[in-house]
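**Student:** quick one: sequence plus predicted model below, questions after.
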Amino acid sequence: MTSETQGNRPLSEEELQALVASSDSGARNPMGSVGLFLAIVACIWSIFQVLLASPVANLVLPGSVVNNSRQIHLAFAIFLAYAAYPALKTSPTDRIPVQDWILALMGTFTALYGYIFYEKIVNAGGKGDDIDTIFAAIGLVLLFEGARRALGPAMAIVASVFLLYVFFGSSELVPDVIRWKGASLDRAMEQMWITSEGVFGIALGVSTKFVFLFVLFGALLDKAGAGNYFIKMAFGALGHLRGGPAKAAVVGSAATGLISGSSIANVVTTGTFTIPLMKRVGFSSEQAGSVEVASSVNGQIMPPVMGAAAFLMVEYVGISYVEVITHAFLPAAISYIALIYIVHLEAVKRNMPTLGNREVNLMRTALGMLSFFLVFAGLCYGTQFPVDAIEATAPDAAGLIITVLVALVYIALVYMAAQVPDLEPDDPNAKEVELPDVGKIYKAGLHYLLPIVVLVYFLMIEQKSPGLSAFWATALLFVILLTQKPLKALFRGQSNLLHNFIDGVNDLWHGMVDGARNMIGIALATATAGVIVGTVTLTGVGQVMADLVEFLSGGNLILMLVMVGLLSLILGMGLPTTANYIVVSSLMAGVVVELGAQSGLIVPLIAVHLFVFYFGIMADVTPPVGLASFAAAAVSGGDAIRTGFTAFFYSLRTVALPFVFIFNTDLLLIDVTWVEGILVAVTATIAILVFTAGTMGYFLTRSRIYESVALVAIAFAIFRPGFFMDYIQPPFTQVQPAELVSALDEAPEGTEVRLKVAGPDFDTGEMTETTLVLTVGAGGGQASVDEFGLLLLEEDGTVKLEEPMFGTPAQPMMDGFDFYLDDPVSLTSVKVPADQLPKELIFIPALLLLGLIALMQTGRARKEEAMA
């Protein structure tokens, strides 16, 4: 691939599909009975997962199958990995060698080992014997080889390094800072394979319960024709604008990214159409590929799927799914807005031509898109009112009535679709490019939005589990695939209903197979990442990483965050989104929390996880790995390395945003009211646009250097007004530690008081410190202290702390201290919130300065226009 793209030859459609297959679903595609057998296995896997997520899972599946579903999930994945992915590039792709059949069966048996010998393992209390150890070791080797085939060498190498650390962590060759006592083979295999602490841990559980259904949902939605519909709608709405194909690429990738778990597939799916058109209006090969990369990778941070990371965050952070996507939505949305603005500025700077002869009306286009999203959001939200009315009026028949109503709405939407021709993919290389007319084609795919409305309704309004929500949306897609073609034929007065029904069955079959094959890599990634999680749990290497980062950063908070970002970027190289997040969150999330607390920065856990997630997915962009950049270069014929660097420049806002929401959690809509949330959304949008203008060197005209610097400073002031307000009025009043109780007595209920605690570290004995947040309760100062779990002892002017009671809020925050050494653990600082002017006042000078720059550039632009 690299040599071809360096030769500036775009890959053909067949080569591009082979590229996607080799990275996402397996390059091997045997014909005849073997191919049919593999398709049947994949389809059975999909059916099993749908049944597992259904409300009747406990009725149709044996209890032992439900309880051991992770083992069965991995067994399907590892069997199909050896069947679908060749061992080497020179291995045959039209047949499966004998050795791969043997490895597939061995991998299946070892994956099912815990299910087959469940009673034996339970009776042994989860302790493995020699036989268990042997099969666990074989299973790990087969898992790593399957991951190497499906995901490339990076994942297997990273997991192997961690496993070697488990065995040889006590070696003198290992630096002192990360050395540990090591583990025996029996203990390691028990941790990694027999218990639920390693391979069969939380990550594989999330893959089994949630991720499969969403991947299947995306595959079925694409097979129904939604992908082409989204691209056409985006191109029809934006294609006539300056740089329109690039803007359409951003919006189309956002739409497909909602349901896609792969940035590479996203690049190729939308890029084969948008990249040639971008080149046609003046973008270079590298720029066209970079726009597609930036927008496709951004799809991984866009709720509701977020490359499957959203479901993992639910488990790791311990908050509901609705909270996760609420916190993640605004940064993702403004990131896409900024990318559209980047494309617009590139087009204006280069004075690019427009496509077609349609009149350009920016206001009408913007209002039209805003209206569409508001109507869609209103539908998702408003659905609850008729549903509530039906449930209140006829509770016993509510399910049947709602089903009939959904069916009637679906039939009405298909009737509308039948009034217009079916949408065919456009040829981006045609001599005359005809822009789709949104007013004519929108009817053709409105029924594709119905399962998305159902999904969002169950997730956000009913707040059902992600698995159950995806089940109902997928069930509706089954109906759509089977009936949309016959219904259209019926409404058009055609007689070939049986033929259309068979086509629908064929689409459903291929969608089920594609969904399963797309899951192979994700299932193996989550299983292999379980080895890394198990290593962190067993060895405590997470604490070591915190010590290493603290040592290298010298305790500087900003430098620490930069280093964590870089480490997340390095750890994410070559890994798919899901595995990427598991690895970086397991190793780096705790580092940010601990070192932030030591520096007095209290960061919500969701902000930390989003921080490392954002930097982890940037590995898909940046050379030398940059898988998405290589895929885009394969489509555009540009240089892959230059494409990667340009895409990274276009993704600067994705790099900047994590730093913003670490220090200003309002951006994640944490503890804000509706009014505050709207204000945050508006100001954050302004700030990201100003930041984009500053980094692109173009606002109303080409910016001078001092104007670009000023624009970036204005963006910072709007993003973080508290930074400047804290200098004007300090946010806290310092109180003597001995006066803690009286200060709490005077503070209003709900006030958050910051306590700095210093003492010897439990592992090293060296002095360390951390910051605790105590919320004032209704019972006054002493009651608040007791409820929090602090045991205060004042001696010689020092407030010493005894070990907090187990189960109190303070206990897990202080378990890193050693309370039994000569040096005491003591309270060194108490900060009570002070009265402060609203930080939003900083917006006034920032916006005035923005207006001044706009005034200067307007005058300069007029002079340049007059001279031209």
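**Tutor:** Perfect, thanks for sending it.
**Student:** any low-confidence regions in the stretch 601-750 of the chain?
**Tutor:** Across the stretch 601-750 of the chain, the ranges flagged by pLDDT under 70 are 624-625.
**Student:** where do the helices sit along it?
**Tutor:** Taking DSSP state H, counting those that start in this stretch, the helices of the stretch 601-750 of the chain run over residues 605-617, 627-636, 640-650, 652-663, 674-696, 705-719, 721-728, 740-746.
**Student:** of all those helices, which one is nearest residue 167?
**Tutor:** Among the helices of the stretch 601-750 of the chain, helix 605-617 comes nearest to residue 167, with 26.7 Å by C-beta to C-beta. C-beta coordinates here come from the backbone N, C-alpha and C atoms, glycine included.
**Student:** okay, the angle between the closest one and helix 627-636?
**Tutor:** Relative orientation of helix 605-617 versus helix 627-636 (axes from the mean of the first three to the mean of the last three C-alpha atoms, to 10 degrees): 40 degrees.
**Student:** now the residue sitting nearest the centre point of the chain: how far from residue 465?
**Tutor:** Taking C-alpha atoms, centre = their mean, the centroid of the chain lies closest to residue 306, which sits 3.1 Å from it. Counting by C-beta to C-beta, to the nearest Å, the separation of residue 306 from residue 465 is 17 Å.
**Student:** do residue 368 as well
**Tutor:** Residue 368 sits at a distance of 35 Å from residue 465 (criterion: C-beta to C-beta).
**Student:** next: residue 612.
**Tutor:** With distances defined as C-beta to C-beta, the gap from residue 612 to residue 465 amounts to 25 Å.
**Student:** one step back: make JSON lines from the helices of the stretch 601-750 of the chain and add mean neighbour count and distance to residue 584 to it.
**Tutor:** Written out in JSON lines, the entries for the helices of the stretch 601-750 of the chain read as follows (neighbours: other C-beta atoms under 10 Å; distance: least, C-beta to C-beta, whole Å):
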{"stretch": "helix 605-617", "mean neighbour count": "26", "distance to residue 584": "4"}
{"stretch": "helix 627-636", "mean neighbour count": "30", "distance to residue 584": "16"}
{"stretch": "helix 640-650", "mean neighbour count": "23", "distance to residue 584": "18"}
{"stretch": "helix 652-663", "mean neighbour count": "21", "distance to residue 584": "12"}
{"stretch": "helix 674-696", "mean neighbour count": "19", "distance to residue 584": "24"}
{"stretch": "helix 705-719", "mean neighbour count": "19", "distance to residue 584": "24"}
{"stretch": "helix 721-728", "mean neighbour count": "15", "distance to residue 584": "27"}
{"stretch": "helix 740-746", "mean neighbour count": "17", "distance to residue 584": "38"}
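**Student:** okay if I get the ones you listed as CSV plus distance to residue 313?
**Tutor:** Compiled in CSV, these are given as follows (distance: least, C-beta to C-beta, whole Å):
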stretch, distance to residue 313
helix 605-617, 5
helix 627-636, 22
helix 640-650, 25
helix 652-663, 14
helix 674-696, 20
helix 705-719, 23
helix 721-728, 26
helix 740-746, 34
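**Student:** tell me the domain boundaries of this protein?
**Tutor:** If you go by automatic domain parsing, the domain ranges for the chain are 2-175+183-204, 733-833.
**Student:** out of those domains, deepest packed?
**Tutor:** Ranked by average neighbour count under the criterion mean count of other C-beta atoms under 10 Å, the domains of the chain are headed by domain 2-175+183-204 at a mean of 18.
**Student:** with neighbour numbers in mind, choose between residue 368 and residue 465.
**Tutor:** The residue with more neighbours, out of residue 368 and residue 465 and counting by other C-beta atoms under 10 Å, is residue 465; that gives 18 against 13.
**Student:** and the strands in the protein, which stretches?
**Tutor:** Per DSSP state E, the chain has strands spanning 732-735, 752-760, 767-775, 791-795, 798-802, 826-833. These are given in chain order.
**Student:** adding distance to residue 406, write those strands out as TSV.
**Tutor:** What follows is the strands of the chain, written out as TSV (distance: least, C-beta to C-beta, whole Å):
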stretch	distance to residue 406
strand 732-735	54
strand 752-760	46
strand 767-775	45
strand 791-795	59
strand 798-802	59
strand 826-833	50
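**Student:** contact partners for residue 54?
**Tutor:** Neighbouring residues of residue 54 by C-beta atoms under 8 Å, 6 or more residues apart in numbering: 60, 471.
**Student:** what's the separation between it and residue 465?
**Tutor:** For residue 54, the distance to residue 465 under the criterion C-beta to C-beta works out to 12 Å.
**Student:** what do you get for residue 479?
**Tutor:** Using C-beta to C-beta, residue 479 is found at 22 Å from residue 465.
**Student:** same check on residue 117?
**Tutor:** Distance from residue 117 to residue 465, counting by C-beta to C-beta: 30 Å.
**Student:** do the same with residue 174
**Tutor:** Following C-beta to C-beta, the distance that separates residue 174 from residue 465 is 43 Å.
**Student:** the helix of greatest length in the chain - contacts with which helices or strands?
**Tutor:** With DSSP state H applied, the helix covering the greatest number of residues in the chain is identified as helix 497-539. Secondary-structure packing of helix 497-539 (3 or more C-beta pairs under 8 Å, 6 or more residues apart in numbering; DSSP states H and E): helix 32-53, helix 69-84, helix 130-151, helix 153-168, helix 202-206, helix 212-224, helix 466-491, helix 577-584.
**Student:** quick one: closest of these to residue 628.
**Tutor:** Once the helices and strands packed on helix 497-539 are compared by C-beta to C-beta, helix 577-584 is nearest, at 10.5 Å.
**Student:** how about that closest one as CSV, C-alpha atoms only?
**Tutor:** Only the C-alpha atoms of helix 577-584 are listed here, as CSV (Å, rounded to 0.1, in the frame of the first residue of the first chain):
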residue,chain,number,x,y,z
THR,A,577,-10.4,2.5,18.9
THR,A,578,-11.8,0.1,21.5
ALA,A,579,-8.5,-1.5,22.4
ASN,A,580,-6.8,1.8,22.3
TYR,A,581,-9.2,3.2,24.9
ILE,A,582,-8.8,0.2,27.2
VAL,A,583,-5.0,0.4,27.1
VAL,A,584,-4.7,4.2,27.6
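**Student:** same for it, what does it pack against?
**Tutor:** Using 3+ C-beta pairs under 8 Å, 6+ apart as the contact criterion, the elements in contact with helix 577-584 are helix 309-317, helix 497-539, helix 557-571, helix 605-617.
**Student:** that one vs helix 153-168, what angle?
**Tutor:** Here helix 577-584 points in a direction 30 degrees away from that of helix 153-168 (the same axes, to 10 degrees).
**Student:** just want the angle from helix 577-584 to helix 497-539.
**Tutor:** Using the same axes, to 10 degrees, the inter-axis angle of helix 577-584 relative to helix 497-539 is 10 degrees.
**Student:** what residues does helix 577-584 touch?
**Tutor:** 151, 155, 158, 203, 207, 211, 261-263, 300, 306-309, 312-313, 522, 525-526, 528-530, 532-533, 567-568, 571-572, 575, 609, 612-613, 615-617, 619-620.
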